[in-house]
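**Student:** build the 3D model from these lines:
(2 chains)
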Amino acid sequence: MQMQNIKIPYVNIPGQHAPIKAELLEAVGRVIDGGQFILGSEVSTFEQRFAELCQTRFAVGVNSGTDALILALRALGIGPGDEVITVPNSFVSSTGCIVLVGAKPVFVDVRDDYNMDPAQLERAVTPRTKAILPVHLTGRPADMDAILKIARTHGLYVVEDCAQAVLAEYRGRRVGSFGTIGCFSLHPLKTLNACGDGGVLTTNDDALYQKLQTLRNLGLQTRDNCVYWGLNSRLDTLQAAILLVKLKYIEAWTEKRRANADFYRKALTGISGLKVPGERPFEKAVYHTFVIQAERRDELKQYLADNGVGSSIHYPIPIHLQDVARGLGYRPGSFPITERQAERILSLPVYPELTTAELEYVVQVIKAFYGV
Amino acid sequence: MRVPFSYLDRQFADIDAYLNDIKELVKSGDFTLGKPLTEFEERFAELCRIPYAIGVASGTDALVLSLKVLGIGPGDEVITTPTTFIATVGAIVMTGARPVFVDSEDGYVIDALKIEDAITSRTKAIIPVHYTGNVADMPAIMKIARKHKLVVIEDACQAIGATLDGKPVGSWGETASFSLHPLKNLNVWGDGGVIISRSAKLAEALRLYRNHGLVNRDEVLTFGGNSRLDTLQAVIGNRLIKQVKFITDQRIANAKRYDEAFADMSEFIRIPKRRPGVKHVYHLYIVRAKKRDELLAYLNENGVEAKVHYPIPVHLQKAAKYLGYKKGDFPVSEEDSRTIITLPAHQHLTNDEIDYAIEQVRSFYLKSGSHRISREK
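**Tutor:** Next up is the predicted model:
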């Protein structure tokens, strides 16, 4: 097929910003006029609104989603000698944070929904296990009921990696409100995105909230009193001001993502060689990524590119097969579902700014590839 | 009159140029490790006369990442001084290593003569802090480091532009760490930091570490963290870096004005030793003062925003309890914490404002004491 001049990039941040540019710059201007660039009212207002959005009591803004995970583990006292159970199909951060606090990551495989398989959790628990770190990958909630049940049985903390899942719901409740702590990323490519790195934690626990606030600010309880050794990991005030503008739109943007996902799902269901992500009735996924599984994936990706459609793979190499994970003792075959998915998954453009014509075009190209 | 400690409102008297740059960046959407960051890193390296500069999320992270790429971790000891901002020590603890303190000398930098006594078989590194913008005795420290095969990381968070015998800070250590925090001499509009190094190998490792250990989008070589200098902040840095010479010269002139005015007040105000060969950049203008707390209150009441950096030395912080230090272990550092005061000395102050601050210091001692201080030299 080869349609002339059509270009649908995989992501389009300038497209997101064009209609709200005046508002964004005004927010930036206000911070400059105030001269308060570290913490301050924009950060605390953002934290309050974000907590409300996640249906939690507290939120703490930090420097990145990775730092959110590191600080969560640190606040829970997890370190050398401890084990944390997570999944191997995520972005490297959700394992990196465990290693960076000195603990050992232990993987369990995922299910067809790209999320942790609770049925395998039990077997992975040892006397050294301190926490379970499920990832709501692609913006779809993990099976929290089953995970929380196992956590309670064994007295484990649950740290939710919600980096891709702002506003995602499971049985009517928002992610980030289930575990001991929820960790979110505000990276430019996320659904709620800053114009730089940023992250935020959620919790309902008063003591953890106090501790996280201190830990992200070098362990300083006041200007002069240092009670913990901590990092410097603050959400920039400038970014908080930008995020406050975007919070006004995040629900509408998310609905548009869901509508786009629905469009794809309807249009692509039934094509042989292709599998679209489902959504169970008690789930509300937010489609940070819309991930299909495709036969001849690499050829399809190339064909899409040849026809002007950007796509991406999240992620082609599972974490347990990365160079860095060699010491953990896993090998090809350790997690068959993750490994099989890594060869077949492909993320299609799903951002809110896509037009119906563009969505139709993507579908058309895919259909042409499979000859239907 | 009000003599403010922060100068941010004055720095942004004309913000249109900055806003225009931001507008361009928003248009491009290039927010992570973008082109303005590379440009800023090149300019920063040039300013420090060194081949490599790597932008990271903060000065603290600049120290943590330096320690990590040099392989320092659990079981290792790192020597530094308790006369510093807690981040220096926090960075050591964050890697799993143990901080070991050595007292400071007159001038708020580590006392090189006392370092050797603190070295054990577990010592791996020394972190001298160029505190206040003064420069530690790097030739002496390097001699000790070479003798004991230790690596040196310069904490230059407060010392952009400072030199010793004409050599800029960062010329001695394996790496040097800088902060771009809003209150620093060279600042951005949020948290930020830079690491410099002469080593291509270290620079490469640092770039890996600040970006999840990713060699490319999909392959991970080492578990790093996420510690990137925001491209948005680099845009601001690219404008402000052109002002470093002005900022430094102005701060030095302001400090000189204070030094001269306090020269005949040695009974009340002790100016630290100004070592020959050191170009001190006065991120903080700090002197020891009699009746410090009363002076501080008096100055604040009269509009001079004096501060104390810091009233509690790091070894006596609650977080440091497990290290087992006690009061009396570091007499110079402890005496500093009881007596030091920081006077506003930033580049946007006028001579009238400095003179007003001086006047208030004088009137405090004249009013409260029977001593007459001649205003004439």
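**Student:** point out the residues in the stretch 51-200 of chain B that sit beside chain A.
**Tutor:** B:57-61, B:64, B:74, B:86-87, B:89-90, B:93-94, B:96, B:181-182, B:189-191 (CB under 8 Å from any CB of the partner chain). (Each C-beta comes from the backbone N, C-alpha and C, glycine too.)
**Student:** out of those, which sit inside helices?
**Tutor:** Using DSSP state H to define helices, the subset of those located there is B:59-61, B:64, B:87, B:89-90, B:93-94.
**Student:** among those residues, which one sits closest to residue B:119?
**Tutor:** Nearest to residue B:119 among these, counting by CB to CB, is residue B:89 at 17.8 Å.
**Student:** which residues sit in contact with the closest one?
**Tutor:** Residues in contact with residue B:89 (CB atoms under 8 Å, 6 or more residues apart in numbering or on different chains) are A:229, B:80, B:82, B:99, B:314, B:320.
**Student:** now those residues in CSV, with neighbour count?
**Tutor:** Below are the contacts of residue B:89 laid out as CSV (neighbours: other CB atoms under 10 Å in any protein chain shown):
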residue, neighbour count
A:229, 22
B:80, 25
B:82, 29
B:99, 23
B:314, 27
B:320, 21
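**Student:** my read is that residue B:134 contacts residue B:110, right?
**Tutor:** No - counting by CB atoms under 8 Å, residue B:134 does not reach residue B:110; the two are 10.7 Å apart.
**Student:** in chain A, where is pLDDT below threshold?
**Tutor:** In the predicted model of chain A, residues A:1-4 satisfy pLDDT under 70.
**Student:** among the residues of the stretch 51-200 of chain B next to chain A, the buried ones, what's the ChimeraX command?
**Tutor:** To isolate the buried subset of those in ChimeraX, counting by 16 or more other CB atoms under 10 Å in any protein chain shown, use the following:
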select /B:57,58,59,60,61,64,86,87,89,90,93,94,96,181,182,189,190,191
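**Student:** pull the residues that contact stretch B:230-244.
**Tutor:** A:195-197, A:236, A:238-239, B:11, B:17-18, B:21-22, B:25, B:30-37, B:39-41, B:43-44, B:47, B:55, B:57, B:160-161, B:180, B:185-190, B:192, B:229.
**Student:** identify the farthest-apart pair in the ones in helices among the residues of the stretch 51-200 of chain B next to chain A.
**Tutor:** That would be B:59 and B:93, which, of those, are the farthest apart (CB to CB) at 15.7 Å.
**Student:** how far out from the middle of the chain is stretch B:34-53?
**Tutor:** 19 Å (CA atoms, centre = their mean, to the nearest Å).
**Student:** buried stuff in it?
**Tutor:** B:34, B:36-37, B:40-41, B:43-45, B:47-48, B:50, B:52-53.
**Student:** any idea of the mean pLDDT for that stretch?
**Tutor:** If you average the pLDDT over stretch B:34-53, you get 97.
**Student:** got the contacts of residue B:89 as CSV, with distance to residue A:125 and secondary structure columns?
**Tutor:** Shown next, in CSV, are the contacts of residue B:89 (distance: CB to CB, whole Å; DSSP: H, G, I helix; E, B strand; the rest coil):
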residue, distance to residue A:125, secondary structure
A:229, 30, coil
B:80, 41, strand
B:82, 43, coil
B:99, 36, strand
B:314, 40, helix
B:320, 36, helix
